[in-house]
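**Student:** Sequence and predicted structure are below.
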Number of protein chains: 2
Amino acid sequence: VVCRGLYRALSIREKHMQRSLQRFPKTPSQYLRAIEGEPWKPSDIGPVFTPPVKDGQDPFDSGDLPEDLGYHVQMKDGVVYVYADKAAAARNEPKDLPYPSLEHFVDDMNFLLVLIAQGPVKTYAHRRLRFLSSKFQVHEMLNEMEELKELKSNPHRDFYNCRKVDTHIHAAACMNQKHLLRFIKKSYRVDADRVVYDAKGTQLTLKQLFQQLNLHPYDLTVDSLDVHAGRQTFQRFDKFNDKYNPVGASELRDLYLKTENAINGEYFATIIKEVGSDLEDAKYQHTEPRLSIYGRSPAEWAKLAKWFNTHRVYSPNMKWMIQVPRIYDVFRSKDFLPHFGKMLENIFVPVFEATINPQAHKELSVFLRHITGFDSVDDESKHSGHMFSTKSPKPEEWSSPKNPSYTYYIYYMYANILVLNNLRRQRGMNTFLFRPHCGEAGAITHLLAAFMTADNISHGLNLKKTPVLQYLYFLAQIPIAMSPLSNNSLFLEYAKNPLLDFHQKGLMVSLSTDDPMQFHYTKEPLMEEYAIAAQVFKLSTCDMCEIARNSVLQCGLSHEEKVKFLGENYREEGPEGNDIRKTNVAQIRVAYRYETWCYELNLIAEGLKNE
Amino acid sequence: VVCRGLYRALSIREKHMQRSLQRFPKTPSQYLRAIEGEPWKPSDIGPVFTPPVKDGQDPFDSGDLPEDLGYHVQMKDGVVYVYADKAAAARNEPKDLPYPSLEHFVDDMNFLLVLIAQGPVKTYAHRRLRFLSSKFQVHEMLNEMEELKELKSNPHRDFYNCRKVDTHIHAAACMNQKHLLRFIKKSYRVDADRVVYDAKGTQLTLKQLFQQLNLHPYDLTVDSLDVHAGRQTFQRFDKFNDKYNPVGASELRDLYLKTENAINGEYFATIIKEVGSDLEDAKYQHTEPRLSIYGRSPAEWAKLAKWFNTHRVYSPNMKWMIQVPRIYDVFRSKDFLPHFGKMLENIFVPVFEATINPQAHKELSVFLRHITGFDSVDDESKHSGHMFSTKSPKPEEWSSPKNPSYTYYIYYMYANILVLNNLRRQRGMNTFLFRPHCGEAGAITHLLAAFMTADNISHGLNLKKTPVLQYLYFLAQIPIAMSPLSNNSLFLEYAKNPLLDFHQKGLMVSLSTDDPMQFHYTKEPLMEEYAIAAQVFKLSTCDMCEIARNSVLQCGLSHEEKVKFLGENYREEGPEGNDIRKTNVAQIRVAYRYETWCYELNLIAEGLKNE
């Protein structure tokens, strides 16, 4: 009965991933087919990434955009539907695309909710996880020196020149505190008399703005800048969010860390491009910064795209993502939105329109080419009180001032991304991965929702608390971007971070910085993150390179780039897929991981044979 | 009785420090005089530092060396004595300099040995230390935000532009692993056909050398270089020492990390100068690398000085120290030395000679100007079995193959430095601080020996185990250069490091890297050290700046430099001595420290009043 439950759980994830053009690994698929007694055939559907910009090609070129399809889009029950035209919409005859089914989703969810609370399943998962831990320790004792030997005899590749991707970072905090400080001082030296701020109609120069704040940039220090998380922020997400305001002044945040302001986000663009050029210099580090779309107004996308194109915010070492803060309640309380459906409309309809008629939305279409996924962000520890079910109000009916639950948000984002991805794929456009923040705090149902909908997640700390989900995340090899330094400042002391435990068990973890501005001290935040993990957890080079390889697999880099960074066969699972010359991960390690994974999957298959 | 014991312990240290021209703080001196009912007068004797090199001045200029005094030096019972001439030596009439008295030293030592084992003293010290801990926690709760406010309103100074000194680092490991790797590769590109190695008479070019090792530098990686400490080195100092050999080949150590080889240490000098120039670029970081004198031959000094002068190994951000490995037993077993006295002679006589007749030892005299102190190094966990007492064999009689004890080494180094310092001071030359490795492992008597002889120490971990000495180190504010990352790889897990505990109690701790080549990952090892401490121990900015200030106070930078980095009054103890504009340490913090210190000293004075 346990094996049947785990089998069905994996099938659920497989189905939802495949329908939404996200990733599900081959190996568990093969086992699932074997259990069903069906032949496995390689699937050719999956995410579509934008190929890297070629030499001489302009990343902002809008010359080759496809023609208008003339389709009509309309939101119904929180999901965007695509129609051939308005008449078809009136007849309720949407185009032939996969649309999500709320009933099925809720059914699946309820099944999983029961599963993760079932005694025998919990015992089974708990035991298997303990076994995985011990097995790794044995592996280490037996093979540590062999792994090291393999790495030593691997020419020209070491941890420093392995590719690593910062899989979770927010654009507004992607520079370190010292960098922001320097930038502010420099801007003042150059631009003191430039009008940079619009204080309710009064135009202020940079000098006047600082005068009004009673500050002189020359005197500014990282202390007075006060963007670094300290002991005060532990367990205080609210205080932490205030740290985004340099010197506690939201004016400076607007000026330096926003895309929309009196100088059209020029400073923010410049500072990000500086971060990008530092990464290009360091060569082996990539980053996936998140930019915000709030869903407060439908014009946000056009503005953000304009900022991106105008300032040519491009670096080959950056892949962009869109983060959507879960703050409907804030907008609703200020009456910016009539209901939750409007928020979803503002977030998704512009993207559908640009997909259908790129010529009419050139900047946005170019911008979307550089976007690889969506993130859902906010304080997970806030409890909503709402339980998502088929009886939940539809988004258009959700006009209460209360925030919907995490799962509600996640489902509707997933549902729209599903339709969107299928439409974009039809058009030969890149698709999007759903990579929400999940399991940083709050209820474990968050992790369940992500299991069904997300290609991969950020944080995942709470997997500690739920053996069944932890085991499922292992079986499905769902990538988890962990940020122990961020957790250390906000939710969990460093030494208690489950990163090491997860890594040992074989969950697919990567290291990421989250917010270098708030958490890091040095000029190379990602290296700082790796260095501290290596020191505190006593990671071996092989461990570190494995985590680095995970980060490349997890991220939104294109197929071409992954081939370049990981080797031709990176899509193969197991040792075949590992090119040690590029990854510096010992084959012994990869073989161990693969065997262990197959062994666990096989246990389920064996368990079901007797049925 | 407890107070009397502590009083006498402090008096012992005061005496030994003053006689050897090392430092003892004013505040406890004042309390000691008050206890004795004597007036306190400021002492004008203390260490003499070489002033910084002025603009346009040549740091290697030997033009202004003083004339020959014509004195004669001779070692007697392990201590160098200075005589007017040979005849005076024959008459046993040494010049009027303070000479150490072994009897007094052993008396004092025995007193302290009894003291630290006395029940009531242990209880007293333990209680006071617990009180200091709690008191700091209260201070933090009450004043943390006030301290922060002070720092925020301190213009233009933050942790990044506070001076910090790497108070404990070995020259042979002062570059990080990546730097060494880059350097090796570069040297091969430039120098492949240069003769660089003498293999027992056969001259080898760099190419031939690498061929012989079956290596091509192009393929080298930090993994194959294998100089980084891993899990294998924990509790294995022997394995750790092997890590000094790149690729496990002592030939490469000789070529790249030694001052004496077929290319006269040119590569080693170049790589150190690169480290120096990186420090100059970073501006606010200084370092105190140790170079080795082994005492195997009297020619070592001249050779080292020649290397230093020839390659002009100078950086304003570096102050040099001499480390003496405690490896008499190795030399004796190979019959390089007849007895321990010879080793001491080889170490000290050349320095005396250069001090007496600088013109005849120009290079050495110039070199000595740049030396600020002596260090004693080796694995402390090796037990010698010998107990130092007046009955111990004199160094000239110590011809057994066994190594003398730590205390024996320490005493004879101290004794010679004492005479040397007084002679050099008379001549207007700079003096040396004694700054041994101490308390990294081994018996707690090491810490007792250092309490009597050392200006400050490196490591001090074992103070954890001895409340009385820990309390005495607090009372005398003996600086301790701690290296938690080094400890983490060798002796003690990071989270268990007593750094935070010591710092909270008010012991004078600084942070240092020990061996960046073996322990650190990033380009800025000292910043990495601070960053990790800050993250793991959740240090506030004020904590970090206080530790940075401690490092400047502890180090061998000149008075002029300390004035520049810490402010005019840095020699004053308490808030008067702190210039927040330069140190970024809150006055509230310094006042707290000073009050707390005086309170503890006063307790002793009060305790003795009733006698």
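**Tutor:** Good, I have the coordinates.

**Student:** how about the residues of the stretch 201-350 of chain A near chain B?
**Tutor:** Contact residues, the stretch 201-350 of chain A versus chain B (C-beta under 8 Å from any C-beta of the partner chain): A:H216, A:Y218, A:D219, A:L220, A:T221, A:V222, A:D223, A:S224, A:D226, A:G230, A:R231. All C-beta spots, glycine's among them, are computed from the backbone N, C-alpha and C.

**Student:** is it true that the fourth one touches A:Y256?
**Tutor:** No: taking C-beta atoms under 8 Å as the contact criterion, A:L220 and A:Y256 are not neighbours in contact, 11.9 Å apart.

**Student:** anything in contact with each of the two?
**Tutor:** A:I184 (C-beta atoms under 8 Å, 6 or more residues apart in numbering or on different chains).

**Student:** can you put the residues of the stretch 201-350 of chain A next to chain B in JSON lines and add secondary structure?
**Tutor:** Output for these, formatted as JSON lines (DSSP: H, G, I helix; E, B strand; the rest coil):
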{"residue": "A:H216", "secondary structure": "coil"}
{"residue": "A:Y218", "secondary structure": "helix"}
{"residue": "A:D219", "secondary structure": "helix"}
{"residue": "A:L220", "secondary structure": "coil"}
{"residue": "A:T221", "secondary structure": "coil"}
{"residue": "A:V222", "secondary structure": "helix"}
{"residue": "A:D223", "secondary structure": "helix"}
{"residue": "A:S224", "secondary structure": "helix"}
{"residue": "A:D226", "secondary structure": "coil"}
{"residue": "A:G230", "secondary structure": "coil"}
{"residue": "A:R231", "secondary structure": "helix"}
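
**Student:** okay if I get these as a markdown table plus pLDDT and neighbour count?
**Tutor:** Output for these, formatted as a markdown table (pLDDT from 0 to 100; neighbours: other C-beta atoms under 10 Å in any protein chain shown):
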| residue | pLDDT | neighbour count |
| --- | --- | --- |
| A:H216 | 92 | 14 |
| A:Y218 | 91 | 11 |
| A:D219 | 91 | 13 |
| A:L220 | 94 | 23 |
| A:T221 | 94 | 23 |
| A:V222 | 94 | 23 |
| A:D223 | 94 | 25 |
| A:S224 | 93 | 19 |
| A:D226 | 93 | 20 |
| A:G230 | 84 | 19 |
| A:R231 | 84 | 13 |
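
**Student:** Now that A:L608 has come up, it's in contact with A:E36, right?
**Tutor:** No: using C-beta under 8 Å, A:L608 is not in contact with A:E36; the gap is 9.6 Å.

**Student:** between these two, which one's more packed in?
**Tutor:** Under the neighbour definition other C-beta atoms under 10 Å in any protein chain shown, A:L608 and A:E36 were set side by side, and A:L608 has more, 16 against 12.

**Student:** What average pLDDT does the helix or strand hosting the more buried one get?
**Tutor:** If you go by DSSP states H and E, A:L608 is part of helix A:587-609. Helix A:587-609 comes out with an average pLDDT of 96.

**Student:** residues making contact with that helix?
**Tutor:** Residues contacting helix A:587-609 (C-beta under 8 Å, 6+ apart): A:2-4, A:6-7, A:27-28, A:31, A:34-35, A:128, A:132, A:135-136, A:139, A:143, A:146-147, A:150, A:474-475, A:477, A:506, A:542, A:546, A:573-575, A:577-578, A:580.

**Student:** go again using 6 Å as the cut-off
**Tutor:** For helix A:587-609, contacts defined as C-beta atoms under 6 Å, 6 or more residues apart in numbering or on different chains pick out A:3, A:6-7, A:28, A:31, A:34-35, A:139, A:143, A:146-147, A:506, A:542, A:574-575, A:578.

**Student:** pLDDT below threshold where in the stretch 151-300 of chain A?
**Tutor:** For the stretch 151-300 of chain A, applying pLDDT under 70 flags no range at all.

**Student:** Quick check, pLDDT for the closest residue to A:N430 other than its chain neighbours.
**Tutor:** Spatial nearest neighbour of A:N430, excluding adjacent residues (C-beta to C-beta, 6 or more residues apart in numbering or on different chains): A:T50 at 4.4 Å. We have a pLDDT of 96 for A:T50.

**Student:** go on, the one 10 residues further on?
**Tutor:** As predicted, A:F60 sits at a pLDDT of 97.

**Student:** what does A:M387 give?
**Tutor:** For A:M387, the predicted pLDDT is 89.

**Student:** Test my guess that A:R549 contacts A:V585.
**Tutor:** Yes: in this structure, A:R549 is within contact of A:V585 by C-beta atoms under 6 Å, at 5.3 Å.

**Student:** Please list the residues of chain A that sit near chain B.
**Tutor:** With C-beta under 6 Å from any C-beta of the partner chain as the criterion, chain A meets chain B at residues A:151-152, A:155-158, A:160, A:178, A:219, A:221-224, A:231, A:494-495, A:521-522, A:527, A:531-532, A:536, A:538, A:541.

**Student:** and A:Y83, how many residues sit next to it?
**Tutor:** By other C-beta under 10 Å, the burial measure for A:Y83, its neighbour count, is 18.

**Student:** Is it bridged to anything, and to what?
**Tutor:** A:Y83 has these beta-bridge partners by DSSP bridges: A:H72, A:P94.

**Student:** mind listing what's buried in the host helix or strand of A:A87?
**Tutor:** Using DSSP H and E, A:A87 maps to helix A:86-90. For helix A:86-90, a neighbour-count test (16 or more other C-beta atoms under 10 Å in any protein chain shown) marks A:A88, A:A89 as buried.

**Student:** any idea of the mean pLDDT in it?
**Tutor:** Average pLDDT, helix A:86-90: 95.

**Student:** Just the CA atoms of it, as PDB, please.
**Tutor:** What follows is helix A:86-90, C-alpha atoms only, in PDB (Å, rounded to 0.1, in the frame of the first residue of the first chain):
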ATOM      1  CA  LYS A  86     -13.900  37.100 -29.900                       C
ATOM      2  CA  ALA A  87     -16.800  35.200 -31.400                       C
ATOM      3  CA  ALA A  88     -15.200  31.900 -30.300                       C
ATOM      4  CA  ALA A  89     -14.800  33.300 -26.800                       C
ATOM      5  CA  ALA A  90     -18.500  34.100 -26.800                       C
END
